[in-house]
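In: pasting the structure only:
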């Protein structure tokens with residue numbers, strides 16, 4: 001028998017709590033952890049259960065590598081640091097900070113890297129070019145929240161337990177596992193006679209089959225449908241006028257978007273029966289409701305207005321930022337809100353794109369690298385990602401990575417991106433080092449978890465954050481520090497209390513103002529060294545600077561640290577002492593700790609999450625005003641009419657019970673299944689003369705691939721689905737083809753640049 005260890009899943013932002021059994025330094029068994037407040041019912045999905053295939057396999061990297069000619073050679077860490085630092089500095093000296101970019105930096109379940117990048121690498125180098133998977137999914141949603149609520153990090157999430165109606169829009173939650181304990185949740189909601197589950201999706205997905213109502217809206221017509229719903233609600237006078245008068249600042253400005261709009265014709269174009277649409281609207285105006293949105297909206301046509309109009313629908317019905325639909329509190333912010341109208345915010349030189357929450361749309365990255373502009377990207381560092389296969393237009397990205405003057409990749413194996421790199425450095429998994437996740441998932445509880453390493457050292461693998469820190473140190477960014485700071489850090493770790501160390505660091509920085517911006521590096525150099533993990537030190541810093549309110553902490557049962565009686569007499573210092581105590585509790589409890597409890601019964605409007613000065617919801621903005629003029633039945637019917645060249649639509653990505661996750665490259669995780677298939681409606685297949693299991697060629701304007709088909713009535717006519725986690729080389733063999741050879745960087749939302757992953761016109765030919 002091996003030893004069981006408590007940890008979190010590594011595969012997505014839900015980060016289910018799990019226990020893993022280890023024998024001979026390998027994971028041999030995985031099970032849910034019922035002791036964790038994050039997943040108290042003992043839940044984890046197929047992805048987490050496949051963790052042993054992620055961590056232990058023959059393609060793991062163990063040593064630093066440098067490309068020499070057409071192959072890689074092993075080098076020392078000292079050589080890697082020295083050469084990367086010298087080459088990065090040389091590029092910066094010659095071309096300035098706009099020549100530098102960072103890509104990746106975080107998984108949903110692992111955010112130590114991105115915390116270090118955002119606090120140290122990007123501000124000190126002076127670059128703003130940050131690319132991350134957020135630029136695939138959330139650009140439209142977070143930009144919309146920013147315009148309507150005043151801050152891009154204030155995003156609404158539903159509290160299913162308090163709502164009458166739960167809507168899943170463009171989301172196959174039962175299979176995607178994109179919310180906490182998703183299968184338990186969907187079953188519970190569908191079986192509750194007092195709850196109504198509504199799925200809006202062109203597919204008859206597993207989730208749709210469990211719903212009380214399925215609305216099969218026409219693929220790509222979501223914005224038109226929501227505009228029609230808003231117009232019908234106003235025409236019937238069903239809007240919650242009392243809510244609007246009290247909380248909305250500019251209702252009269254947006255009424256022209258809907259007054260006189262032909263919603264009956266809009267519903268016809270959307271393929272939704274008028275009476276069904278009317279009943280849907282009536283239900284939303286008489287019940288409390290919330291919505292889980294997923295890639296069907298986030299990566300569909302008009303994906304920014306999809307989410308913008310959805311927020312308007314919540315406001316019109318009086319459901320925005322009230323009980324059941326609020327910003328979930330966390331112990332750290334998702335990022336810093338970015339105002340693209342600020343002249344200090346960079347625009348991409350070739351495509352004129354702006355960032356959302358500091359992150360640029362991923363679809364333009366290859367184009368910007370290949371640009372002929374003087375301020376193009378010349379140097380890129382990459383971690384926690386394989387953009388060559390996961391970002392739009394793999395054809396362009398393969399060329400772009402080869403064109404870089406310097407590409408440095410940190411990963412656990414030789415990815416398709418790493419093969420283009422000048423240096424490939426071996427990172428550690430979240431089971432080999434400390435790591436944390438800041439995403440809230442347990443409302444009203446704010447749960448904090450620190451993953452602890454439970455696997456021993458192999459080769460020369462290092463914590464990702466440590467690698468980037470060591471390069472920054474070699475580049476000259478870490479200042480000379482007095483021995484007293486190192487001693488204070490050692491004492492803090494030994495005594496399990498870091499309050500004295502905190503004041504030492506702040507005192508040093510205040511006496512050396514030029515180092516104020518380097519406090520994160522100072523903490524990494526001193527406390528990170530004492531702990532043997534920068535991520536561990538970064539979580540402490542995140543908690544010490546958290547905006548968690550004292551009343552929320554007290555609601556979770558925490559009292560001030562009795563070690564610091566004098567400091568507890570001063571409210572700001574009392575708070576710091578409490579946060580330091582909370583960190584120790586988290587550090588001691590790998591299954592997680594409830595560090596705070598939000599106000600669970602927010603009947604009143606959640607004003608604390610409105611960042612506009614007038615504390616009102618702002619529904620109007622000029623960009624949407626211009627965009628919405630195109631959302632008419634006439635324009636959309638024409639736009640949705642496919643061509644003879646590309647008469648069908650393929651989704652670049654599919655969640656299924658046969659699939660896993662692109663993070664797991666190991667095909668042993670699906671040895672008894674065949675996940676690399678294209679889903680096709682049998683009636684479409686019959687018209688094309690395609691048999692179940694037959695190989696076909698799928699072609700788009702970006703490229704083509706060959707794939708076997710799978711019959712299923714779950715998908716609608718004319719709609720094909722291809723999984724996104726293939727075309728990866730493992731053990732010298734490439735399984736399947738990367739679906740992003742079918743996607744083009746041109747196919748993206750006009751407003752924010754989110755890609756149209758779920759709407760790619762194509763043609764299919766039987767082989």
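Out: Perfect, I can see it now. What you are looking at is a predicted structure, and each value in this text was computed from that prediction instead of being measured.
In: For residue 541, give me its contacts.
Out: Residue 541 makes contact with 520, 523, according to CB atoms under 8 Å, 6 or more residues apart in numbering. Bear in mind the C-beta positions are built from the backbone N, C-alpha and C, glycine included.
In: Work out for me the element it sits within.
Out: If you go by DSSP states H and E, residue 541 is part of helix 534-544.
In: Give me the distance between that helix and the centre of its chain.
Out: On the basis of CA atoms, centre = their mean, to the nearest Å, helix 534-544 sits 21 Å off its chain's mean C-alpha point.
In: Could you pull up the mean pLDDT of it?
Out: Averaged across helix 534-544, the pLDDT comes to 97.
In: cool, and stretch 245-262?
Out: 96.
In: One more: stretch 565-575?
Out: 88.
In: hang on, residue 52 in a helix?
Out: Yes. Under DSSP: H, G, I helix; E, B strand; the rest coil, residue 52 sits within a helix.
In: what's around it, how many residues?
Out: The local packing of residue 52 (other CB atoms under 10 Å) involves 21 other residues.
In: Quick check: buried residues in the least confident helix or strand in the chain by mean pLDDT?
Out: Least confident helix or strand, the chain: strand 325-327 with a mean of 78, by mean pLDDT, DSSP states H and E. In terms of neighbour count (16 or more other CB atoms under 10 Å), strand 325-327 has its buried residues at 325-327.
In: Could I get the buried residue list for the helix or strand following the helix holding residue 541?
Out: Counting by DSSP H and E, the next helix or strand C-terminal to helix 534-544 is helix 550-555. Neighbour-count burial for helix 550-555, counted by 16+ other CB under 10 Å, picks out 552-553, 555.
In: cool, and stretch 613-625?
Out: 616-621, 623-624.
In: can you list contacts of it?
Out: By CB under 8 Å, 6+ apart, stretch 613-625 touches 147-150, 247-251, 253-254, 257, 305, 308, 312, 315, 320-321, 607, 610, 612, 751.
In: first vs last residue of it, how far apart are they?
Out: End-to-end distance of stretch 613-625: 22 Å, with CA to CA, to the nearest Å as the criterion.
In: cool, and stretch 618-625?
Out: 13 Å.
In: domains of this structure?
Out: Per the record, the chain has its domains at 1-56, 65-138+342-426, 159-324+614-628, 642-766, by automatic domain parsing.
In: now the longest one, how far from the chain's geometric center?
Out: Yep, that's domain 159-324+614-628 we're talking about. 22 Å.
In: Ends of it, what's the gap?
Out: Start-to-end, domain 159-324+614-628 (CA to CA) is 30 Å.
In: same check, this time on stretch 692-702
Out: This stretch, stretch 692-702, spans 26 Å end to end (CA to CA).
In: buried set for that stretch?
Out: 696, 698-700, 702.
In: I'd like the residues you listed laid out as TSV, including pLDDT.
Out: What follows is these, written out as TSV (pLDDT from 0 to 100):
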residue	pLDDT
696	98
698	98
699	98
700	97
702	95
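In: now, among those residues, which is nearest to residue 596?
Out: Of all the buried residues of stretch 692-702, residue 702 has the smallest distance to residue 596: 46.4 Å, by CB to CB.
In: mind checking pLDDT for the nearest residue to residue 391 once chain neighbours are set aside?
Out: Nearest residue to residue 391, sequence neighbours excluded (CB to CB, 6 or more residues apart in numbering): residue 362, at 4.5 Å. pLDDT recorded at residue 362 is 95.
In: what does residue 603 give?
Out: 54.
In: same deal with residue 347?
Out: 97.
In: Then residue 331?
Out: Listed pLDDT for residue 331 reads 83.
In: got it, and residue 396?
Out: So residue 396 comes in at 96 (pLDDT).
In: how about the nearest residue to it, chain neighbours excluded?
Out: Residue 396's closest residue in space is residue 366 (CB to CB, 6+ apart), at 3.9 Å.
In: And the one you found, how far from residue 391?
Out: 8 Å (CB to CB, to the nearest Å).
In: what's the overlap in contacts for these two?
Out: With CB under 8 Å, 6+ apart as the test, residue 366 and residue 391 both reach residue 397.
In: which ones are touching residue 488?
Out: 500-501, 504-505, 526 are the contacts of residue 488 under CB under 8 Å, 6+ apart.
In: So for it, what's the pLDDT?
Out: 98.
In: Tell me where the stretch 301-450 of the chain has strands.
Out: 325-327, 379-383, 406-411, 423-426, 435-436, 445-448, 450-451 (DSSP state E, counting those that start in this stretch).
In: Out of the buried residues of stretch 692-702, list just those in strands.
Out: 696, 698-699 (DSSP state E).
In: can you list the residues you listed in CSV and add distance to residue 203?
Out: Shown next, in CSV, are those (distance: CB to CB, whole Å):
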residue, distance to residue 203
696, 19
698, 18
699, 22
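In: Name every strand pairing with the helix or strand where residue 596 lies and say which way it goes.
Out: Applying DSSP H and E as the criterion places residue 596 in strand 593-597. Here strand 593-597 has these sheet partners by DSSP bridges: strand 445-448 (antiparallel).
In: which residues are in contact with the strand it pairs with?
Out: 37-38, 329-331, 436, 440-441, 539, 543, 548, 552, 556, 582, 586, 592-598.
In: Nearest residue to residue 215 in space, please, no chain neighbours.
Out: residue 200 (4.7 Å).
In: Could you tell me the phi and psi values at that neighbour?
Out: Backbone torsions for residue 200, taken as degrees, to the nearest 10, come to phi -110, psi 110.
In: What count of nearby residues applies to it?
Out: 25.
In: And for residue 239?
Out: For residue 239, using other CB under 10 Å, the count is 20.
In: Does it touch residue 285 like I think?
Out: Yes. With contact defined as CB atoms under 8 Å, residue 239 and residue 285 form a contacting pair (7.3 Å).
In: can you list residues touching both of the two?
Out: Counting by CB under 8 Å, 6+ apart, the residues touching both residue 239 and residue 285 are 233, 317.
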